[in-house]
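Peer 1: Pasting a predicted model and its sequence here:
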Amino acid sequence: MTRKRSDRLAVVVRLAQLKEQRERVNFSAAREAHAQQRKLCTQLEQYLDEYQLLNAAGQTTVATLSALRNGSQFVAQLSASIEQQQQQAALSLARMQEARKAWEIEMAKLDSLSSLLERSRNEENRELEHKADREAVDIWQAASTGAALRRARRG
């Protein structure tokens, strides 16, 4: 026995739902990762700003050459860390955008397949109604023909 088209399409729609769900989860994870990368970047930038403010306030005292060199190296390392973190944030943004695009593609596929399934079910229902109407007409015609034959035999 052949399965109805809508039954076969229902399986395809279910698979599309699973793919869409997987891509939604991937996008959500990528969005969370990007938010975390941006948060780390912001924290490093705030720390650098605070450090520089504290050093500017402490400039009233005489600092040794060694202390200045250490402070300068620390700021350079912190700036390099900030730059590296900004690169990580940019990469996570790109991954998030790719994940969003993949999710949107799967959503569009799911919408199309769902519409196709609905149209297929509607068409099958119309065909069943049409078949039932034809059967009713056939029964009516057979009954009418039978009644006419009986009248003709009697008469």
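Peer 2: Yep, it's here. Residues are numbered from 1 along each chain as shown.
Peer 1: For the top helix by length along the chain, name the packing helices and strands.
Peer 2: Counting residues, the longest helix found in the chain (DSSP state H) is helix 65-154. Judged by 3 or more C-beta pairs under 8 Å, 6 or more residues apart in numbering; DSSP states H and E, helix 65-154 is in contact with helix 5-57. In this view, the C-beta of every residue, glycine as well, is placed from N, C-alpha and C.
Peer 1: Low-confidence bits of the protein, can you list those?
Peer 2: 1, 57-63, 155 (pLDDT under 70).
Peer 1: try it again with 90
Peer 2: Scanning the chain for pLDDT under 90 picks out the ranges 1-3, 51-72, 74, 132-133, 135-155.
Peer 1: Report the inter-axis angle for the longest helix of the chain versus helix 5-57.
Peer 2: Per axes from the mean of the first three to the mean of the last three C-alpha atoms, to 10 degrees, the angle that helix 65-154 makes with helix 5-57 is 160 degrees.
Peer 1: now stretch 30-44, how far from the chain's geometric center?
Peer 2: Chain-centre distance of stretch 30-44: 21 Å, with C-alpha atoms, centre = their mean, to the nearest Å.
Peer 1: cool, stretch 18-28 as well?
Peer 2: The answer for stretch 18-28 is 5 Å, by C-alpha atoms, centre = their mean.
Peer 1: Mind listing residues that contact it?
Peer 2: Stretch 18-28 is contacted from outside by 96, 99-100, 102-103, 105-107, 109-110, using C-beta atoms under 8 Å, 6 or more residues apart in numbering.
Peer 1: just stretch 108-115 next, same as before
Peer 2: 9, 12-13, 16-17, 19-20.
Peer 1: Show me what counts as buried in stretch 25-44.
Peer 2: Buried residues in stretch 25-44, counted by 16 or more other C-beta atoms under 10 Å: 26-27, 30-31, 33-34, 37-38, 40-41, 44.
Peer 1: Same check on stretch 120-140?
Peer 2: Using 16+ other C-beta under 10 Å as the burial criterion, the residues of stretch 120-140 that qualify are 120-121.
Peer 1: And the contacts of that stretch?
Peer 2: 4-6, 9.
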